[in-house]
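Student: Attaching a predicted model along with its sequence, questions to come.
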Amino acid sequence: MNITELQKKYKLLQDDFWEVRKGTWVVKHDAIERIATQERIEFDIPSVNLFEKTLCLLGSANKNGGNKIWTTGEASDENVKGQGKYYWAMAEKRLKDRLTLKLINAYEFGIYSDVEADNFKKNGGVGAKNYTKTNAKKILWIKIRKALNFDETGQPSDEEILEVINSKTGFALKSVSVIDEKTAQEINSNWL
């Protein structure tokens, strides 16, 4: 699901999201709460852990009674600013937003919550109307790297790329050189 599909499916407003850098989109916490409601995500009561000066909530959730997933939400002096620090609220926001985004597979497409990092603050970003389908190759590359567990510095071979594309789509591509924007869009839409 790319940002345009996310906007359409959940009826997000232009002000609900922005692009912080090419291919990395951020969605407001309030919009993610609306997504969780629409998807009927059920959050379990989290466990509380304290590590040195960090409050960490470990929680799980499911969508429509499906399989549970888990993640964490944390808060510390380094990531909670201002007077009357709100550690519990920030840890809960991060936990719920991460669980929601994981359950709808948004991370796979470079979509994050605004409460996950200070550098995600809105700063003249653009809305989805400026997003074009020319990002299909970038989205495909993110999927391939994730499927192969490559970090940003690793480089998969052409054979590894073809193997993962063919296994995830049922295609029988023989060369990566045939992957143009149109082919990337087709691969993305058939990705399992």
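Tutor: Received it, and whenever you're ready, just let me know what you need.

Student: all strands of the protein, in order?
Tutor: 17-21, 24-27, 41-43, 47-51, 54-63, 69-76, 111-113 (DSSP state E).

Student: Bridge partners for the nearest residue to E74 once chain neighbours are set aside, pull those for me.
Tutor: Nearest residue to E74, sequence neighbours excluded (Cβ to Cβ, 6 or more residues apart in numbering): C56, at 4.6 Å. No exception for glycine: its C-beta is placed from N, CA and C like everyone else's. Beta-bridge partners recorded for C56 (DSSP bridges): N49, E74.

Student: before we move on, the earlier item: for the strands of the chain, which has the smallest mean pLDDT value?
Tutor: Set side by side, these differ in mean pLDDT, and strand 17-21 is lowest with a mean of 85.

Student: in that strand, what counts as buried?
Tutor: F17, W18, E19, V20 (16 or more other Cβ atoms under 10 Å).

Student: would you list those residues in TSV and tack on distance to A147?
Tutor: Output for those, formatted as TSV (distance: Cβ to Cβ, whole Å):
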residue	distance to A147
F17	25
W18	27
E19	24
V20	24
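
Student: Of those residues, which is the nearest to D44?
Tutor: Each of those was checked against D44 using Cβ to Cβ; the closest is F17, at 27.1 Å.

Student: wait, what's in contact with the residue nearest to that closest one when sequence neighbours are not counted?
Tutor: Residue nearest to F17 in three dimensions, not counting chain neighbours: V27, with 4.6 Å by Cβ to Cβ, 6+ apart. Each residue near V27 by Cβ atoms under 8 Å, 6 or more residues apart in numbering is listed here: L6, L12, D16, F17, I35, L101, A106, I111, Y112, S113, D114.

Student: How many residues are close by the residue nearest to E74?
Tutor: Neighbours of C56 under the rule other Cβ atoms under 10 Å: 18.

Student: isn't it right up against T72?
Tutor: Yes. C56 is within contact range of T72, at 5.5 Å (criterion: Cβ atoms under 8 Å).
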